[in-house]
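Chemist: no FASTA, just this:
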């Protein structure tokens, strides 16, 4: 299993940039890195996915160094509504590799006013 | 946009009872799965399916059965409910790659 390690929790204030780092030392060559967001009483929601270097969308940026053993989710100018649990997921495709998706406990981000 | 639909939303069972959590998706996805999430914990994979007629076990399959007779539906059956199965259950589907679409969850309490 491509296990991931994230901080259990982080605090931030509205308007700040938040960076959440995920460690995945045993990432495989064809694994992708995907981040999900989960609000209380809801299912997780896809945020961003990448393979290497930098990926940006309307919600976040994902930074992946050359060795791909870690990744950083960057949330610009967070608001109270960004308070959620963020999961880093490492794997590739589905089919018979399904079991290789490991959610872990995620990072609980608490945004304060 | 229905996406992934789970029923029921809430259920209370007595120990030893059986029940089925229903899951349906309207995106024609091949891959479907069931996760459970205990309070303050991450998601753990129970069972998954890579297509109609094909299912396999995940990380925590004991006490649960699944079947996949159609692409759209992937029910999860609790054979004989135990208090340890009190949890929130999420059904998910995906086409390929890592973008997983989750349902809204089913809250199950076993007393």
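Modeler: Done, it's in. Keep in mind that this is a model prediction, so the values were computed, not measured. Numbers count the residues shown, from 1 in each chain, chains lettered A, B, ... in the order given.

Chemist: from now on I want contacts and neighbour counts done on CA atoms only, so please keep to that.
Modeler: Will do.

Chemist: tell me where chain B has helices.
Modeler: For chain B, no helices turn up when DSSP state H is the criterion.

Chemist: who in it is up against chain A?
Modeler: Applying Cα under 8 Å from any Cα of the partner chain, we find that chain B lies next to chain A at B:31, B:40-45, B:48, B:50, B:58-59, B:90, B:96-105.

Chemist: roughly how far does the residue nearest to the spatial centre of chain B sit from residue B:43?
Modeler: Computing the C-alpha centroid of chain B and ranking residues by Cα atoms, centre = their mean puts residue B:34 first, at 3.2 Å. Going from residue B:34 to residue B:43 by Cα to Cα, to the nearest Å gives 10 Å.

Chemist: swap in residue B:28?
Modeler: From residue B:28 to residue B:43 the distance is 24 Å (Cα to Cα).

Chemist: more crowded one of those two?
Modeler: Using other Cα atoms under 10 Å in any protein chain shown, the more surrounded residue of residue B:28 and residue B:43 is residue B:43, with 22 against 12.

Chemist: mind listing the residues bridging to the nearest residue to that one once chain neighbours are set aside?
Modeler: Take residue B:43 and drop its neighbours on the chain: the residue closest to it by Cα to Cα, 6 or more residues apart in numbering or on different chains is residue B:37, 4.7 Å away. Here residue B:37 sits in beta bridges with residue B:43, residue B:88, going by DSSP bridges.

Chemist: wait, doesn't residue B:37 sit right on residue B:88?
Modeler: Yes. The pair residue B:37 / residue B:88 is scored as a contact, 5.2 Å apart, by Cα atoms under 8 Å.

Chemist: which one's more surrounded, the two?
Modeler: The residue with more neighbours, out of residue B:37 and residue B:88, is residue B:88; 22 against 19, by other Cα under 10 Å.

Chemist: might you report the residue contacts of the more buried one?
Modeler: Residue B:88 sits next to B:36, B:37, B:38, B:105, B:106, B:107, B:108 when contact means Cα atoms under 8 Å, 6 or more residues apart in numbering or on different chains.

Chemist: try 10 Å
Modeler: A:41-43, B:9-10, B:35-39, B:43, B:104-109 (Cα atoms under 10 Å, 6 or more residues apart in numbering or on different chains).

Chemist: quickly list what residue A:36 is bridged to.
Modeler: residue A:46, residue A:87.

Chemist: before we move on, the earlier item: which residues do residue B:37 and residue B:88 both contact?
Modeler: Taking Cα under 10 Å, 6+ apart as the contact rule, residue B:37 and residue B:88 both touch A:43, B:43, B:105, B:107.

Chemist: which of those residues has the most neighbours?
Modeler: In the shared contacts of residue B:37 and residue B:88, the most neighbours by other Cα under 10 Å go to residue B:105, 27 neighbours.

Chemist: list the contacts for the nearest residue to that one once chain neighbours are set aside?
Modeler: Distances taken as Cα to Cα, 6+ apart put residue B:90 closest to residue B:105, at 4.6 Å, once the chain neighbours are dropped. Contacts for residue B:90 were tallied using Cα under 10 Å, 6+ apart; they are A:42-44, B:4-6, B:21, B:23, B:33-37, B:43-46, B:102-107.

Chemist: can you tell me which of those residues are buried?
Modeler: A:43-44, B:4-6, B:21, B:23, B:33-37, B:43-46, B:102-107 (16 or more other Cα atoms under 10 Å in any protein chain shown).
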